[in-house]
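K.L.:
quick one, what's the 3D model for this:
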Amino acid sequence: MESSSFDETESGESLRSRKNAAERERVLEEEIEEDDENSKCKVSRLKDMTSTDFPSAKRMLEEGLQAAAGFSSDVAMQAGAMAVQAGEMCRKVIEASWKGCHHTALPHWLQDNDFLIWGHRPPLPSFSACFRSIFRIHTETGNIWTHLIGCLAFVTLAVYTLVWSELQTEERWVFAAFFAGAILCLGFSCVFHTVHCHSETVGKLFSKLDYVGISFLILGSLVPWLYYSFYCQYQPKVIYLSVAAVLGVSAIVVSLWDEFAEPEYRSLRAGVFIAFGLSGAIPAIHYAVMEGWMNAITYASLGWLILMGALYILGALLYAGRIPERYFPGKCDIWFQSHQIFHVLVIAAAFVHYQGLSEMALYRLTNNQCPSPTVS
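P.N.:
I've put the predicted structure just below:
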């Protein structure tokens, strides 16, 4: 009996345990199903939110990025404009308030003459400032004004000679060559001394034009003298004019050489132009031997030609030797420096040559007939 009762008790407990386990499994399944439903609802709501809110969110993000980019661009443009305005203001202040400076304070491309100590212009990186400096006192003032006045004087003289004189058409062209050479030389020189402090590139460019102008002046001076001296000798006239043209072109080519304007080649520059000018001595000696010295002086204005050559050579030697500032450093910074004296002598030589040419032209106007060749 006891054993049977114990078995019944054990069987009841097992039954209850299985029922409880089954109940727990059912509850767990219900919770899992409920969680699945909740997850599905959440996923569905997330899909709905994504499908409805993502385009607007994307659009809002793009608009925000565009606004930020536009703001950054506006800020950058405003900052750039302010920087440009500040730079322009600083440049104008510097240009308006510059003072003559010491030779050692100049950049290397402006250090041309060690014996001129004070009064140099600093670099002026605008053409308006360079041209306004014409009316300021500095080391280039005399160089600018000597050739500016000389250029205007020869322009006036050219108009008078070519328009109101009694020259024939061919002779007008001959005088036009002389005036063109003089005006180009003086004009290029004036502009060079005005703007060479602008920048190294501008300085080198106009330095070449300055030397080219000197070549034009020498060539323009030789052409009319050869024309009138060998007025009745066609063959020597053509030969000498051709040689002068070749030498003139050669001098121009050398002038365009980049190293030609360097300070260490100062003597070479003077030598090239002296040699070119002295080339006119050969036809002068030829004429004197052919016609006699008295006729050369009377009819070929040989005296004026010699004086012109002496003035040119004297100016070139003073320029090459940097005299007088070499012996008085710091005393000729503004006035009476070698370059200014050279300019004055060049103008004087050009006027002397014009006087000689005028006398030769007057002689030909009154004695236009050439002697007939003798027949043996």
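K.L.:
can you pull out the strands in the stretch 151-300 of the chain?
P.N.:
Along the stretch 151-300 of the chain, counting by DSSP state E, counting those that start in this stretch, no stretch forms strands.
K.L.:
what number of residues lie near residue 137?
P.N.:
The tally of other residues near residue 137 (other CB atoms under 10 Å) stands at 12. Bear in mind the C-beta positions are built from the backbone N, C-alpha and C, glycine included.
K.L.:
so for it, what's the nearest residue that isn't a sequence neighbour?
P.N.:
With CB to CB, 6 or more residues apart in numbering as the measure, residue 334 is the residue that lies nearest to residue 137, at 6.3 Å, once sequence neighbours are left out.
K.L.:
and if you look at residue 109?
P.N.:
Residue nearest to residue 109 in three dimensions, not counting chain neighbours: residue 200, with 4.2 Å by CB to CB, 6+ apart.
K.L.:
repeat that for residue 179.
P.N.:
residue 158 (3.9 Å).
K.L.:
now residue 343
P.N.:
Leaving out its chain neighbours, the residue that sits closest to residue 343 by CB to CB, 6+ apart is residue 146, at 4.0 Å.
K.L.:
about what we covered before: residues in contact with the residue nearest to residue 137?
P.N.:
When contacts are counted by CB atoms under 8 Å, 6 or more residues apart in numbering, residue 334 touches 119, 137, 138, 139, 141, 142.
K.L.:
ends of stretch 254-273, how far apart?
P.N.:
The distance separating the two terminal residues of stretch 254-273, taken as CA to CA, to the nearest Å, comes to 10 Å.
K.L.:
how is this structure partitioned into domains?
P.N.:
In the assignment given by automatic domain parsing, the structural domains of the chain cover 1-97, 110-366.
K.L.:
leaving aside the residues next to it on the chain, what's closest to residue 347?
P.N.:
Of all residues beyond its chain neighbours, the one nearest residue 347 is residue 150 (4.1 Å), with distances taken as CB to CB, 6+ apart.
K.L.:
okay, now the residue nearest to residue 109: neighbour count?
P.N.:
Applying the criterion other CB under 10 Å, we find 13 residues in the vicinity of residue 200.
K.L.:
pretty sure it is touching residue 125, no?
P.N.:
No - Residue 200 is not in contact with residue 125 according to CB atoms under 8 Å; the separation is 10.7 Å.
K.L.:
rewinding a little: can you list the domains of the chain in CSV and add distance to residue 104 and mean pLDDT?
P.N.:
Rendered in CSV, the data for the domains of the chain read as follows (distance: least, CB to CB, whole Å; pLDDT from 0 to 100):
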stretch, distance to residue 104, mean pLDDT
domain 1-97, 19, 63
domain 110-366, 8, 93
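K.L.:
where do the helices sit along the stretch 251-376 of the chain?
P.N.:
In the stretch 251-376 of the chain, the segments counted as helices under DSSP state H, counting those that start in this stretch are 266-278, 281-291, 293-299, 302-321, 338-366.
K.L.:
which parts of the fourth one are buried?
P.N.:
What it means is helix 302-321. Of the residues in helix 302-321, those scored as buried under the neighbour-count criterion (16 or more other CB atoms under 10 Å) are 302, 304-305, 307-309, 311-313, 315-316, 318-320.
K.L.:
for the first one, same thing?
P.N.:
Buried residues in helix 266-278, counting neighbours by 16+ other CB under 10 Å, are found at 266, 269, 270, 272, 273, 274, 276, 277.
K.L.:
which residues does the residue nearest to residue 343 contact?
P.N.:
340, 343, 344, 347.
K.L.:
same check on residue 176?
P.N.:
Applying CB under 8 Å, 6+ apart, we find residue 176 in contact with 158, 162.
K.L.:
before we move on, back to that, CSV please, covering the helices of the stretch 251-376 of the chain and showing distance to residue 67.
P.N.:
As requested, the helices of the stretch 251-376 of the chain are exported to CSV (distance: least, CB to CB, whole Å):
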stretch, distance to residue 67
helix 266-278, 65
helix 281-291, 83
helix 293-299, 91
helix 302-321, 68
helix 338-366, 64
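K.L.:
those helices: which one's closest to residue 180?
P.N.:
helix 338-366 (12.2 Å; CB to CB).
K.L.:
next, the angle helix 266-278 makes with the closest one.
P.N.:
Helix 338-366 runs at 10 degrees relative to helix 266-278, counting by axes from the mean of the first three to the mean of the last three CA atoms, to 10 degrees.
K.L.:
thinking again about what came up before, who wins for neighbours among the contacts of residue 146?
P.N.:
The residue in the contacts of residue 146 with the most neighbours, by other CB under 10 Å, is residue 343 (25 neighbours).
K.L.:
I'd say that residue and residue 147 touch.
P.N.:
Yes - contact criterion CB under 8 Å: residue 343 and residue 147 qualify, at 5.5 Å.
K.L.:
sorry, back to before: reformat the contacts of residue 334 as a markdown table; add secondary structure.
P.N.:
As requested, the contacts of residue 334 are exported to a markdown table (DSSP: H, G, I helix; E, B strand; the rest coil):
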| residue | secondary structure |
| --- | --- |
| 119 | coil |
| 137 | coil |
| 138 | coil |
| 139 | coil |
| 141 | helix |
| 142 | helix |
